[in-house]
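>>> output the structure for:
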Amino acid sequence: MKRRIRHPRSITTVLTVLAVLLASPVSRAEGEKEGKSYIGLSATQFDFKRVAGSNSASTTGVTLSYGSYLTDYVKTEFRAGMGLDEEEAKPGLDIGMDYFASWYMGAQYPATDYLSVYALFGFTHMKGKVSKDDPDAHQSIPEDLTESSFSVSYALGTEIKVTGDLWGVLEFGRIHRDTETAIRVMQLSAGLKYEF
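Okay, here's the model as predicted:
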């Protein structure tokens, strides 16, 4: 037996209340970000995909970021990071991140007073590390890992308020995509950000 909704007005009321609840934190948060700057430090996992075919490797590193809010919903950010280790992608071939520097611009949406989500788009300069057991092996892999050191990059993330102006950050994105070697460098980061 099918059950009918007897009170269509109650559905409208519930949807209206939900819309007001979702919109009200945003209106309370308005005016809080514009003109502020921030600095952040994150632990980063670098995932190297399509190395010499279908091989991959994961390494760790750190990322330092500095940014400014142009409006309550738009920010620009500079990042610099370095790798801390190397991993074997194929027998006799170890790879890793040497360093990278990125510039991003994007949108941030304050879902609540304590949670926001963001999407950034920008450009990255990257230098990788390559160690070969046999210098004549793996000729398709350049010394700096990629043929091009410059690439379009993006990041998607969320921020959770810890206390005051301190935020926890969780993020996923692409740092580099090399068209010659087909290597992709993805990143997953977790860290803290302080606004001032």
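
>>> in stretch 99-118, which residues are buried?
Phe100, Ser102, Tyr104, Gly106, Gln108, Pro110, Ser116, Tyr118 (16 or more other C-beta atoms under 10 Å). (C-beta placed from N, C-alpha, C; glycine too.)

>>> tell me the mean pLDDT for the host helix or strand of Ala57?
Taking DSSP states H and E as the definition, Ala57 sits inside strand 55-69. Averaged across strand 55-69, pLDDT comes to 96.

>>> swap in stretch 125-141?
For stretch 125-141, the mean confidence score works out to 89.

>>> same deal with stretch 107-118?
In this model, stretch 107-118 has an average pLDDT of 96.

>>> ok, which stretches of this protein are helices?
8-29 (DSSP state H).

>>> quick one: low-confidence parts of it?
Residue ranges of the chain with pLDDT under 70: 1-31.

>>> mind jotting down where the strands sit in it?
All strands of the chain, identified by DSSP state E, fall at 37-51, 55-69, 74-83, 86-90, 93-110, 115-132, 150-163, 166-177, 184-195.

>>> between these, which one is closest to Pro142.
Go through those one by one with C-beta to C-beta and the one that ends up closest to Pro142 is strand 115-132, at 7.3 Å.

>>> before we move on, the earlier item: what's the strand holding Ala57 packed up against?
strand 37-51, strand 74-83, strand 86-90, strand 93-110, strand 184-195 (3 or more C-beta pairs under 8 Å, 6 or more residues apart in numbering; DSSP states H and E).

>>> rerun that using 7 Å as the cut-off
In terms of contacts (3 or more C-beta pairs under 7 Å, 6 or more residues apart in numbering; DSSP states H and E), strand 55-69 is packed against strand 37-51, strand 74-83, strand 86-90, strand 93-110.

>>> got TSV for the ones you listed, with distance to Ile183 too?
What follows is the helices and strands packed on strand 55-69, written out as TSV (distance: least, C-beta to C-beta, whole Å):
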stretch	distance to Ile183
strand 37-51	6
strand 74-83	14
strand 86-90	10
strand 93-110	9
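
>>> what sits against Arg79?
Shown in contact with Arg79 (C-beta atoms under 7 Å, 6 or more residues apart in numbering): Thr63, Leu64, Ser65, Ala101, Ser102.

>>> let's see 10 Å
Shown in contact with Arg79 (C-beta atoms under 10 Å, 6 or more residues apart in numbering): 40, 42, 44, 63-67, 100-104, 120, 122, 124, 153, 155, 175, 189.

>>> Leu93 too?
51-52, 55, 57, 86-87, 130-134, 137-138, 141.

>>> give me the number of residues near Lys193?
When neighbours are defined as other C-beta atoms under 10 Å, Lys193 has 18 of them.

>>> for Asp72, see how far away it is.
16 Å (C-beta to C-beta, to the nearest Å).
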